[in-house]
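Asker: what's the 3D shape of this:
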Amino acid sequence: MKNMESTQKKPLKKKRTLVSKLLRIFAWILGSVIFLVIVVLLLIQLPSVQNFGRKKVVTFLQGKLKTRVEIGKLDIKFPTDVSLQNVFFEDQSKDTLLYGKELRVNLKMFQLLKSNVEIEEIYLDGIVGKVKRLPPDSVFNFQFIVDAFASKNTKEPATQDSSTLKIDIDRIVVKNSHVIYNDPYSGNDMNINIGLLDGKIDKFDLDHLLFDVPSITLKGIKGYYYQLEPLEKSVEKVVAEAASQSDHFLQLLNKSIKLSDIDIVFKSEPSKLYSSFKIGDMEIHPETLDLKNSIITLRDAKLDNSAIAIQTQSAAPVESAKDTVIAVKTPSFKIIAGKLVINKSSIKYDDVSAPRAPSGMDFAHLNLTDFNFNATDIRYNSDTIIANVHSGSLKDTSGFVLNKLQTDFEMNPTGVSLKDLYIETPGTILKNSAIISYPSMEAMKKNPGVLGLDIDLSGSKISVKDINSFMPSMASQLPANATLYVDARITGKVDNLNLQKVMLRGLNGTDINVNGIVKGLPETDKIYADLRINKFQTSQKDILALVPKNTIPANITLPQNINASGVFRGSMSSFYTDLNINTSLGGAKITGTLGNITDKKRATYNMVLKARNIRVGTLIQNPELGSLTADIKVKGKGLDPETANAMFDAIVSEVTLKGYNYKDIIAKGNIADKNYA
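Answerer: Got it, this is the predicted structure:
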């Protein structure tokens, strides 16, 4: 029994010994591998090993690229950071292709084993990059790098599933860098200095061109971008081809953009456009950036201490037919903003093809300073602008000053509307509303009479100085320090206006109060008016200031003061009137009708004139005549003595002639068939 037990224990013991040996061998191998990995990880972090690797990389690249390559320092902090310092790549023309004070990538290296590139931060400091394509060559200066690493296998490579490689970037930081891009073939010339670019990224999807960048900070961006006449395809043709070949658009998501200390110049020779943007501080909070449909939606935007200048040339030469490119139409940009605030900024616009106005506001050469603006609910596209303007102020070099602007503004293809209007300058206050409507711009150009008006300027006033700013032709006529007080309510179309209330007073003694209807404008020969003149008071000085020069004959002397009231019904050639007139040279009451007064043969008249102490001699500058008091009735047809048929009945109460006073003269007469009695 003992021998049998001993024989069973020996095989078990041998099996246990074999397993333990195998386990010890596996443990030794595993430990050795781990040890080697640890040793390698420790070694690659040693400066001497990294320096050795750096030299090998430089030697390899110089041999491969046949140009000068420098890497000042390689710093690897496993498993997160890889840093290259004082990197230099020279192009084949011996110019700088790329220089970097520091290029650092913070990434999760173990994720590379799963075909995932997870980069926590890309940090670029002191970068200088020059991309050029200069004649006579038609290739970019980096093409030799692409050629050096291109596969020599001429067979068509198998399609690679890009989805197997996932790239995730959390943040990109660029500091104190300089980018140059010069390509005469496409007409692009850019030279930009970057003080700071800091972008935080939530999603980086190259396959679908989807990028979610919650915040972007740009600071100290200075330089220029010129769009020159291209040596190859025009920009329009490139855009047309891109639009026709691809339906894959860039999708950018963003919540905050901050810009400061920006000084960028943009020039486009094909468009004859020159502009500069000096931005002190700007902050934008987008909601939607739909580049495919050209829609930008902003929660709010704020611009402070900035200067924007735009120079155009509207009279650009017309291209010949052979140079014209029919581009694929893309939708015009639509901008929607919840709020827009501009503080202490300036805007300059200059159309170099337009002559400068000698005085007043020159809309082809604007120079606005101290520009402040606050608006909400903004909608903008090529033919529509909507904004609720809470405040606005500015100064123009012409001398015009706007202290306050407030209105619900809308401009669309069928009109312009300013509701809840309040405009204030040092001498002007315009308030309430002004609405202009039309079927279309083309219809209005063909027939201005279709222009609709709904004007309410009750309780307003207009400074003559401001009138001169917008209508400088009147500058020498109106007293510069005068003010016009306006109380008006006008509705209807230009060819059928309803003057519910028109009250105007100011200048040197003008006071007008009129209501009624006016039809037929703007064609003067079709005007028909039905007006009640509640008050018409003016002065010689105001009349001479308002009417064009040489309108009033030199042998006529206007009264110093004129006051009239009554009714007027009809056209400029045929009308009925019942008018009371009082002047400093006498008074009169005129009642009756006149018809066809522009036609000597067809003219008709049935008028009653009651003259009271009218100083006729002074009016017509005839010293032999004195004052006249008379009641005169005239009725007839025709103004030509050859064909006239008329009668008159006059009672002259008093008239002075050659120093003699004549009283109680009764005169009756008629004319017919060339005979006067």
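
Asker: for the rest of this, base every contact and every neighbour count on C-alpha atoms.
Answerer: Will do.

Asker: point out where the stretch 301-450 of the chain drops to low pLDDT.
Answerer: 315-331 (pLDDT under 70).

Asker: what of the stretch 501-650 of the chain?
Answerer: Those would be none, if you go by pLDDT under 70 across the stretch 501-650 of the chain.

Asker: show me where it has helices.
Answerer: Applying DSSP state H, counting those that start in this stretch to the stretch 501-650 of the chain gives helices spanning 540-546, 616-620.

Asker: can I get those helices in TSV including distance to residue 608?
Answerer: TSV is the format used below for those (distance: least, C-alpha to C-alpha, whole Å):
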stretch	distance to residue 608
helix 540-546	26
helix 616-620	18
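
Asker: include distance to residue 209 and mean neighbour count when you put those into a markdown table, please.
Answerer: Output for the helices of the stretch 501-650 of the chain, formatted as a markdown table (distance: least, C-alpha to C-alpha, whole Å; neighbours: other C-alpha atoms under 10 Å):
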| stretch | distance to residue 209 | mean neighbour count |
| --- | --- | --- |
| helix 540-546 | 65 | 17 |
| helix 616-620 | 85 | 18 |
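
Asker: would you mark the buried spots in stretch 358-373?
Answerer: 360-362, 364-373 (16 or more other C-alpha atoms under 10 Å).

Asker: re the thing from before, quick one: closest of the helices of the stretch 501-650 of the chain to residue 586.
Answerer: Among the helices of the stretch 501-650 of the chain, helix 616-620 comes nearest to residue 586, with 8.9 Å by C-alpha to C-alpha.

Asker: and the closest one, what other elements does it pack with?
Answerer: Packed against helix 616-620, as judged by 3 or more C-alpha pairs under 8 Å, 6 or more residues apart in numbering; DSSP states H and E, are the following elements: strand 625-637.

Asker: quick one: the strand it packs on to chain centroid distance?
Answerer: 63 Å (C-alpha atoms, centre = their mean, to the nearest Å).

Asker: that strand pairs with which strands?
Answerer: strand 604-615 (antiparallel), strand 645-657 (antiparallel) (DSSP bridges).

Asker: CA atoms of it as PDB?
Answerer: Only the C-alpha atoms of strand 625-637 are listed here, as PDB (Å, rounded to 0.1, in the frame of the first residue of the first chain):
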ATOM      1  CA  LEU A 625     -50.600 155.700 -58.600                       C
ATOM      2  CA  GLY A 626     -51.700 155.700 -55.000                       C
ATOM      3  CA  SER A 627     -54.000 153.500 -53.000                       C
ATOM      4  CA  LEU A 628     -57.200 151.800 -54.300                       C
ATOM      5  CA  THR A 629     -60.400 150.900 -52.600                       C
ATOM      6  CA  ALA A 630     -62.900 149.300 -55.000                       C
ATOM      7  CA  ASP A 631     -65.500 146.500 -55.600                       C
ATOM      8  CA  ILE A 632     -65.000 145.000 -59.000                       C
ATOM      9  CA  LYS A 633     -66.900 142.200 -60.800                       C
ATOM     10  CA  VAL A 634     -65.500 140.600 -64.000                       C
ATOM     11  CA  LYS A 635     -67.200 137.900 -66.100                       C
ATOM     12  CA  GLY A 636     -66.400 136.700 -69.500                       C
ATOM     13  CA  LYS A 637     -64.400 134.500 -71.800                       C
END
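
Asker: offset the numbering so it begins at 51, please.
Answerer: Let's use 51 as the start, then, which means that last one is strand 675-687.

Asker: got the contact list for that strand?
Answerer: 651-668, 694-709 (C-alpha atoms under 8 Å, 6 or more residues apart in numbering).

Asker: which of the residues you listed count as buried?
Answerer: Buried among those by 16+ other C-alpha under 10 Å: 651, 653-668, 694-706.

Asker: between the helices of the stretch 551-700 of the chain, which one is nearest to residue 137?
Answerer: So among the helices of the stretch 551-700 of the chain, helix 590-596 is nearest, using C-alpha to C-alpha, at 76.4 Å.

Asker: now the closest one, how far from the chain's geometric center?
Answerer: 40 Å.

Asker: ok, residue 323 - contacts?
Answerer: Residue 323 touches 317, 360-363, counting by C-alpha under 8 Å, 6+ apart.

Asker: of those residues, which is the nearest to residue 258?
Answerer: residue 317 (32.3 Å).

Asker: now the closest one. Its backbone dihedrals?
Answerer: phi -130, psi 130 (degrees, to the nearest 10).

Asker: wait, isn't it in contact with residue 279?
Answerer: No. Counting by C-alpha atoms under 8 Å, residue 317 stays clear of residue 279, with 11.1 Å between them.

Asker: give me the low-pLDDT residue ranges for the stretch 101-250 of the chain?
Answerer: 128-130, 158-167, 201-217.

Asker: mind listing the helices for the protein?
Answerer: 52-94, 97-115, 193-199, 285-295, 491-496, 514-520, 590-596, 666-670 (DSSP state H).

Asker: can you pull the buried residues of the fifth one?
Answerer: Spelled out, it's helix 491-496. Result for helix 491-496 [16+ other C-alpha under 10 Å]: buried residues residue 494.

Asker: what about the spatially closest residue to residue 608 that is not a sequence neighbour, distance to residue 615?
Answerer: Ranked by C-alpha to C-alpha, 6 or more residues apart in numbering and with sequence neighbours excluded, the top spatial neighbour of residue 608 is residue 590, at 5.9 Å. For residue 590, the distance to residue 615 equals 17 Å [C-alpha to C-alpha, to the nearest Å].

Asker: swap in residue 596?
Answerer: 20 Å.

Asker: now swap in residue 455 and tell me
Answerer: Residue 455 is 37 Å from residue 615, by C-alpha to C-alpha.

Asker: swap in residue 313?
Answerer: 63 Å.

Asker: pull the distance from stretch 599-611 to the chain's centre.
Answerer: 47 Å.

Asker: start and end of it, how far apart?
Answerer: 20 Å.

Asker: beta partners for residue 428?
Answerer: Here residue 428, judged by DSSP bridges, has bridge partners residue 387.

Asker: that one contacts residue 351, correct?
Answerer: No. If you go by C-alpha under 8 Å, residue 428 and residue 351 don't touch, sitting 11.0 Å apart.

Asker: shared neighbours of the two, anything?
Answerer: 387, 389-390.

Asker: now those residues: which count as buried?
Answerer: 387, 389-390.

Asker: looking at those residues, which is nearest residue 191?
Answerer: Among those, and counting by C-alpha to C-alpha, the member closest to residue 191 is residue 387, at 42.4 Å.
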